[in-house]
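Peer 1: Could you look at this predicted model? Sequence included:
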Amino acid sequence: MVRSLAALTFVLALLPACGPAKEPETPEGSGENAAKEAAPAETKPAEETPAAEAKPESEAPAAEAKAPERKPAEAKALSESESLAKEIIKGGGRRIGWSASKKLFVVPMEKRTESTGSLDIHFYGDDGQSRDPMRICQPGECEEHLDEKVAEVLPKLAAKLEEGGFVAIRGIGWPDNRDDLDVSSLSMKLKWSKGKIEGVKEGEKKTVAFTAVGGRLDISALKAIYIVPDSKLLGVFGTPSKPGFVQTFHVVKMP
């Protein structure tokens, strides 16, 4: 019995030590406060950049800006003499040249056959005579090498026109199958009859004859006339009576 009491006493002595385990103390700074601190800080939205300071994404920095593309060099503008020279060579007579100081016309003269042709530039004096012709292209060259020949001769002809003070005269076309034409700049009606040019002034009935300088007008029809400023001279292109030249040039004097 004594042993039973001793055993019971021993068991009761052990009971407090076997009670529920004491909760561990929470370290300072842990728990809810620690959870709050562990949570990521709330990101504050960035302030918007003012529109004036905003920079488009596509805009490249000044240092990286693309250099402007170079444009091809523009063709050099022709001088008046060069333009007139080109018009005389390739214009077919729409314009011719006149020098008041030298009393000279400058005109194109084209020969044509069934298969080929040639082109020259002639200078006609106020006496109706041709002088100092300049070859542009000979038969066989005009068809295949006209541009090359023009480029070769153009500077020479332009220099001669510049030196002589030549100016352009625009032709007045004579209608086909017509024997008269009103020319307002002359205040006259011109008539073509039997190889002669005549004129009737406005308000008058009298017909006056024009004089062919340097010989008769050996043409079958008029094609164009050219009025020389401040002069009584006319330049005339006509269809030649004989085959060969496409058109022939003549100088005519008004009364």
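Peer 2: Structure's in. What do you need?
Peer 1: what about residue 158, helix or strand, and which?
Peer 2: When elements are defined using DSSP states H and E, residue 158 is found to belong to helix 142-164.
Peer 1: what's the answer for residue 234, then?
Peer 2: strand 233-240.
Peer 1: Whichever helix or strand comes after that strand pairs with which strands?
Peer 2: Toward the C-terminal end, the helix or strand that comes next after strand 233-240 (DSSP H and E) is strand 248-253. In the sheet, strand 248-253 lines up against strand 211-213 (antiparallel), strand 233-240 (antiparallel) (DSSP bridges).
Peer 1: Name the stretch among those that sits most buried.
Peer 2: strand 233-240 (a mean of 20; mean count of other Cβ atoms under 10 Å). Yep, even glycine has a C-beta here, placed from its N, CA and C like the rest.
Peer 1: how distant is that one from the center of its chain?
Peer 2: Offset of strand 233-240 from its chain centre (Cα atoms, centre = their mean, to the nearest Å): 35 Å.
Peer 1: Averaged pLDDT, it. What do you get?
Peer 2: Strand 233-240 shows a mean pLDDT of 95.
Peer 1: ok, now stretch 79-86?
Peer 2: For stretch 79-86, the mean confidence score works out to 94.
Peer 1: For it, buried residues please.
Peer 2: 81, 82, 84, 85 (16 or more other Cβ atoms under 10 Å).
Peer 1: Quick check: the farthest pair among these?
Peer 2: Distances among those were taken as Cβ to Cβ; the most separated pair is 82 and 84, at 7.4 Å.
Peer 1: list residues touching both of those two?
Peer 2: When contacts are counted by Cβ atoms under 8 Å, 6 or more residues apart in numbering, residue 82 and residue 84 have residue 158 as shared neighbours.
Peer 1: I figured residue 186 hits residue 228, correct?
Peer 2: No. In this structure, residue 186 is not within contact of residue 228 by Cβ atoms under 8 Å, at 11.2 Å.
Peer 1: shared neighbours, those two?
Peer 2: The contact sets of residue 186 and residue 228 do not overlap (Cβ under 8 Å, 6+ apart).
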